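Undergrad: 3D, please:
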Amino acid sequence: MESGDAQIAGDEALSIDFRRYFLALRRYAWLLGAIVLVSICAAVIYTKRQTPIYEAVASVQIEPKLPDLIGTGDLFNVATAGTGAVEYYKQQRLVIGSYTMCQQTIVANDLISKLVSERQAKELSHEAQLDLATRHLMEQIDVRYPEANRIMYVAIKDADPKFARDLANEHVTTYVNYAKGLLSLNSNEASTALQQEFDDAEAKLREIEGKILKFEADNEMIAMTLEEHQNLVAANILSFTQKLNDARAEEIRLAAKLAEMRKLSTADVLANPVVMMGDNPSFETLRAQYYTEHSHLLELEKDLGPKNSEYLAQKQKVDELYKALEGEVKIIVDGTEDLYNAQVGADHGLALELQKYKDEAKGLSPKIVAYNDLMRDKRGIEDKYNILRARLSATQMTSGVSSSISNVRPLDPAGLPSDPVSPNLRMNVLVAGVLSLLVGIAFILLTAFLDRSIKSTNDATVAAGVASLGIIPMLSDAKQLSRDDERARDRYVHDHPTSHIAECCRTLRTNLVLSAADKALQAIVVCSPNKGEGKTTSVMYLGTTMAQSHQRVLLIDTDLRRPRLHTATGVARQRGLSNLIVGEDSYDDVIKETDIPNLYVLPCGPLPPNPAELLMTKRFETVLAELRRRFDRIILDSPPLPYTDAVVLSTRADGVILVVRAGRTLREELKRSSRAFRDVGSKVIGVIVNEIDHRNTDASYYYYSYYGPNDEKQQAEAG
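TA: Predicted coordinates for the structure are as follows:
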């Protein structure tokens, strides 16, 4: 079961304890509300102290084309194809808010004194004042193009609403006048520039045409173009490639035939296969004649004998025929070799011819590239020439049109603003509230993250590596005893059996019994990582609830350094555990009965100089064994863990319960304490979280409901 608890604790350590942070937010909700309230009040005060700013907005309509006043049947496109309408309007927006335009508005309306303070005017020259006023106006002006519908809005912000209105209208007027002048100014200069550009384009066109004519003459392109010549060469390359491939195939065939003939030429001429590979009909005639004469020779040899003159003459004739047959075979082989040599020569000639056409094709490629470049340059110059000619014609036609024609006109003048646009009280309050809320939440979460103390049973479970047995809530009501009255606090569960704490302690008892269902926990050590964490009080509460379940319970004060259990139970500590260990007294003399039924106490007795050594003796083990025989449950109140007494006691007992104090015990201390017991092989049963506030934690998991005074009385009567 211990390994299972450790596994659960390990899994929880890997996750974020969202409940802990939620409880921290709930605990400090009042602080969060105070931060938000103070921030909102500060935002209201800040907003009220700011100077109100008014905004006046005038609009101007910008058409992409001029009206057709020259009878061309079309509109003059201001947004040329080079920039496009989108780029044109983007450019006009920049022009309206530009430094030059703002400066012209200031000069035209003498606004330096309204945009520059008297102190600044005294210190600066006129040019510097104009520059400063221009920059101030650029900061105040805002050119908007929200709908992209050819209408732009000029917005001016100022503390004086009338000045903002007049300035917005005057700036629109400045832009309209500027647009008119831009279309009509220097029309003759524009026409002259276009004419010069047109003449340059015409000269370049004539020059490129001359280069093309010279190139065609140099490369004999009068009867055939380079493309046609290239196509002819490509056809020849294709034709000769095919012929060369066929010739090489024939060469390979003849070479194989010749090699085979040479290999068979030494065979018997009468049965030589070479004859079948050649085309010589006279060989068959000679061979038929040879066979005829040879037969006649055999008859003569039979009839006349080999020495007869007629036989010898016939034999000479047969030998001559055989030599003639051998000559025919040699003629066939030599003829095949001649054919092979002729084919090799033909292959070489075809390869040379093919290479000649390939070289010619390589020579044509740079010429074609150069010619295409010349033609491309010519087309580009012709396009520019035609465009310039059209623009020059349009410029000459519109040069006499009145300069009052414009594609820009004012639309709606700015009105007198009545409500300020800034400061925005609602927005400032909203921003201040949201930001302060986020900052407050972050601060509280950071505080909870940095707080390493035990706050809940989940913190205790993760730190100790074992399950939490339960909680003991703090005494928060006014009638529930002060912190200085320790004995009354220790007896609280007995005196108030239906209280919150009593119910939680009964839950502790149940969880303790269930945690060792397979093994009885008779002797239990109760320890804490530090002093002052409620260890003795927890011993009293746990012993009281166990005694109420009709078990004989013995509380042993094994804190031989600073004992307090005798005070909690109201017995004398002069004689007790130390006397039993040294064998001075009997069990009945030192074990005291308390006023709580079934609850007994064994005080510590005289304090020894070496408590740990005394608890390690064999005699203490014998005493504990006798006490096990006499009582159902034994609870040992040990010193806090900085002393080794608790570790020694844990080796004699069935298990250890760790008591921590919420908000005081650090998680690292609890983890270190749990590991100290495990290192000596002792079993840590669980953790009790003491002094926990049930209003801010998960204490509600360990008792059913709150019993008021009347409910407590009714429960007592029912019990």
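Undergrad: Run through the strands of the chain in chain order.
TA: For the chain, the strands defined by DSSP state E occupy 54-62, 65-66, 76-77, 141-144, 151-158, 408-410, 468-473, 523-527, 553-557, 592-593, 599-602, 633-637, 655-661, 684-692.
Undergrad: I'd like to know which of those is closest to Leu298.
TA: Nearest to Leu298 among the strands of the chain is strand 76-77; the distance by CB to CB comes to 117.9 Å. Where C-beta positions appear, they are placed from N, C-alpha and C, glycine not excepted.
Undergrad: Could you export the strands of the chain as a markdown table, including distance to Thr545 and mean neighbour count?
TA: Output for these, formatted as a markdown table (distance: least, CB to CB, whole Å; neighbours: other CB atoms under 10 Å):
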| stretch | distance to Thr545 | mean neighbour count |
| --- | --- | --- |
| strand 54-62 | 75 | 20 |
| strand 65-66 | 97 | 15 |
| strand 76-77 | 97 | 16 |
| strand 141-144 | 77 | 16 |
| strand 151-158 | 75 | 21 |
| strand 408-410 | 92 | 16 |
| strand 468-473 | 11 | 26 |
| strand 523-527 | 13 | 25 |
| strand 553-557 | 9 | 26 |
| strand 592-593 | 18 | 15 |
| strand 599-602 | 10 | 25 |
| strand 633-637 | 11 | 26 |
| strand 655-661 | 13 | 26 |
| strand 684-692 | 12 | 26 |
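Undergrad: is it possible to export those strands to a markdown table including distance to Glu170 and mean pLDDT?
TA: Formatted as a markdown table, the strands of the chain follow (distance: least, CB to CB, whole Å; pLDDT from 0 to 100):
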| stretch | distance to Glu170 | mean pLDDT |
| --- | --- | --- |
| strand 54-62 | 9 | 92 |
| strand 65-66 | 25 | 67 |
| strand 76-77 | 28 | 58 |
| strand 141-144 | 11 | 93 |
| strand 151-158 | 9 | 93 |
| strand 408-410 | 11 | 88 |
| strand 468-473 | 77 | 85 |
| strand 523-527 | 88 | 92 |
| strand 553-557 | 97 | 92 |
| strand 592-593 | 104 | 90 |
| strand 599-602 | 98 | 92 |
| strand 633-637 | 93 | 92 |
| strand 655-661 | 77 | 91 |
| strand 684-692 | 74 | 87 |
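Undergrad: Turn those into CSV, including distance to Asn511.
TA: Shown next, in CSV, are the strands of the chain (distance: least, CB to CB, whole Å):
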stretch, distance to Asn511
strand 54-62, 70
strand 65-66, 89
strand 76-77, 89
strand 141-144, 70
strand 151-158, 70
strand 408-410, 85
strand 468-473, 5
strand 523-527, 13
strand 553-557, 17
strand 592-593, 28
strand 599-602, 20
strand 633-637, 15
strand 655-661, 11
strand 684-692, 7
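Undergrad: Can you say which of these is nearest to Thr644?
TA: Shortest separation from Thr644 across the strands of the chain is recorded for strand 523-527, at 11.3 Å, computed as CB to CB.
Undergrad: And the closest one, what does it pack against?
TA: Applying 3 or more CB pairs under 8 Å, 6 or more residues apart in numbering; DSSP states H and E, one finds that strand 523-527 contacts helix 535-548, helix 618-630, strand 633-637, helix 645-650, strand 655-661.
Undergrad: Swap in 6 Å and give it another go.
TA: strand 633-637, helix 645-650, strand 655-661 (3 or more CB pairs under 6 Å, 6 or more residues apart in numbering; DSSP states H and E).
Undergrad: outside of the shortest one, which residues touch it?
TA: When contacts are defined by CB atoms under 6 Å, 6 or more residues apart in numbering, strand 633-637 is touched by residues 523-526, 536, 539, 543, 546, 551, 553-559, 565, 627, 649.
Undergrad: pull the longest helix from this protein.
TA: Secondary structure assigned by DSSP state H gives helix 309-398 as the longest helix of the chain.
Undergrad: now the helices and strands packed on strand 523-527 as JSON lines including distance to Asn598?
TA: Formatted as JSON lines, the helices and strands packed on strand 523-527 follow (distance: least, CB to CB, whole Å):
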{"stretch": "strand 633-637", "distance to Asn598": "10"}
{"stretch": "helix 645-650", "distance to Asn598": "23"}
{"stretch": "strand 655-661", "distance to Asn598": "20"}
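Undergrad: if we can go back for a sec, tell me how far the longest helix of the chain is from the chain's mean position?
TA: Centre-to-centre, helix 309-398 and its host chain are 65 Å apart (CA atoms, centre = their mean, to the nearest Å).
Undergrad: same question for that helix, mean pLDDT?
TA: For helix 309-398, mean pLDDT is 77.
Undergrad: list the helices and strands it packs on?
TA: By 3+ CB pairs under 6 Å, 6+ apart, helix 309-398 packs against helix 187-218, helix 226-264, helix 281-303.
Undergrad: could you redo the last one with a cut-off of 10 Å?
TA: strand 76-77, helix 187-218, helix 226-264, helix 274-277, helix 281-303 (3 or more CB pairs under 10 Å, 6 or more residues apart in numbering; DSSP states H and E).
Undergrad: which stretch among the ones you listed comes nearest Arg661?
TA: Closest approach to Arg661 among the helices and strands packed on helix 309-398 (CB to CB): strand 76-77, 85.9 Å.
Undergrad: roughly how far apart are Gln103 and Leu132?
TA: According to CB to CB, to the nearest Å, Gln103 and Leu132 sit 11 Å apart.
Undergrad: related to what we said a few turns ago, mind checking which of the helices and strands packed on helix 309-398 is nearest Lys683?
TA: Comparison of those against Lys683 by CB to CB identifies strand 76-77 as nearest, at 93.8 Å.
Undergrad: In CSV, list the helices and strands packed on helix 309-398 along with distance to Trp30.
TA: Output for the helices and strands packed on helix 309-398, formatted as CSV (distance: least, CB to CB, whole Å):
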stretch, distance to Trp30
strand 76-77, 70
helix 187-218, 76
helix 226-264, 93
helix 274-277, 120
helix 281-303, 131
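Undergrad: closest one to Pro603 among the ones you listed?
TA: So among these, strand 76-77 is nearest, using CB to CB, at 110.3 Å.
Undergrad: circling back: tell me which of the strands of the chain approaches Leu194 most closely.
TA: Using CB to CB, these put strand 76-77 closest to Leu194, at 14.6 Å.
Undergrad: Looking at the helices and strands packed on strand 523-527, which is nearest to Leu445?
TA: Of all these, strand 655-661 sits nearest to Leu445, with 23.1 Å by CB to CB.
Undergrad: Quickly run through the sheet partners of the closest one, with directions.
TA: Sheet pairing of strand 655-661 (DSSP bridges) gives strand 523-527 (parallel), strand 684-692 (parallel).
Undergrad: Could you provide the ones you listed in JSON lines, with additional columns for distance to Glu299?
TA: Output for the strands paired with strand 655-661, formatted as JSON lines (distance: least, CB to CB, whole Å):
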{"stretch": "strand 523-527", "distance to Glu299": "143"}
{"stretch": "strand 684-692", "distance to Glu299": "135"}
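Undergrad: do you know which of those lies nearest Cys504?
TA: In terms of CB to CB, the element of the strands paired with strand 655-661 nearest to Cys504 is strand 684-692, at 9.0 Å.
Undergrad: what about the closest one, distance to the chain center?
TA: For strand 684-692, the distance to the chain centre is 43 Å (CA atoms, centre = their mean).
Undergrad: excluding its backbone neighbours, what's nearest Leu666?
TA: Arg452 (5.0 Å; CB to CB, 6 or more residues apart in numbering).
Undergrad: To clarify, my last question referred to Ala159.
TA: Thr51 (5.4 Å).
Undergrad: doesn't Lys157 make contact with that neighbour?
TA: No - using CB atoms under 10 Å as the test, Thr51 is too far from Lys157 to be in contact (11.3 Å).
Undergrad: Any chance you could list residues touching both of these two?
TA: When contacts are counted by CB atoms under 10 Å, 6 or more residues apart in numbering, Thr51 and Lys157 have 420, 422 as shared neighbours.
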